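>>> Predicted coordinates and the sequence they were generated for:
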Amino acid sequence: MGEKKHKEEFSSNEFSAIVKKAYERGINDSGMTVQQLLADLKNDLRKLTLQ
């Protein structure tokens, strides 16, 4: 009761695009750490759910 619900309905294309972007960034940016990739991925997914 009283829980906030985030918008959980988003297209699989939007989700796939975010994951693909993170994957490509990890492959192409040799200075990127796993922790940085996960933080970026988390932020992008959070933005998607808040749209």
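Looks like it came in fine.
>>> Do a quick rundown of the helices in the chain.
Using DSSP state H, the helices assigned to the chain run over residues 12-28, 34-50.
>>> Columns mean neighbour count and mean pLDDT on top of those, output as a markdown table?
For every residue, glycine as well, the C-beta is placed using N, CA and C. Supplementary listing: those in a markdown table, determined by neighbours: other CB atoms under 10 Å; pLDDT from 0 to 100:
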| stretch | mean neighbour count | mean pLDDT |
| --- | --- | --- |
| helix 12-28 | 12 | 89 |
| helix 34-50 | 12 | 89 |
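>>> And R25, how far from L37?
7 Å (CB to CB, to the nearest Å).
>>> what does G31 give?
11 Å.
>>> Touching stretch 33-44 from outside, list them.
18-19, 21-22, 25-26 (CB atoms under 8 Å, 6 or more residues apart in numbering).
>>> if we go to 10 Å?
Here stretch 33-44 makes contact (CB atoms under 10 Å, 6 or more residues apart in numbering) with 14-15, 17-19, 21-23, 25-26, 29, 32.
>>> Restrict it to CA atoms and write it as PDB.
C-alpha atoms of stretch 33-44 as PDB (Å, rounded to 0.1, in the frame of the first residue of the first chain):
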ATOM      1  CA  THR A  33      35.700  -0.400 -16.400                       C
ATOM      2  CA  VAL A  34      32.900  -2.800 -15.700                       C
ATOM      3  CA  GLN A  35      31.800  -0.600 -12.800                       C
ATOM      4  CA  GLN A  36      31.500   2.400 -15.100                       C
ATOM      5  CA  LEU A  37      29.600   0.400 -17.600                       C
ATOM      6  CA  LEU A  38      27.200  -0.900 -15.000                       C
ATOM      7  CA  ALA A  39      26.700   2.600 -13.600                       C
ATOM      8  CA  ASP A  40      25.900   4.000 -17.100                       C
ATOM      9  CA  LEU A  41      23.600   1.100 -17.800                       C
ATOM     10  CA  LYS A  42      21.800   1.600 -14.500                       C
ATOM     11  CA  ASN A  43      21.300   5.300 -15.300                       C
ATOM     12  CA  ASP A  44      20.100   4.700 -18.800                       C
END
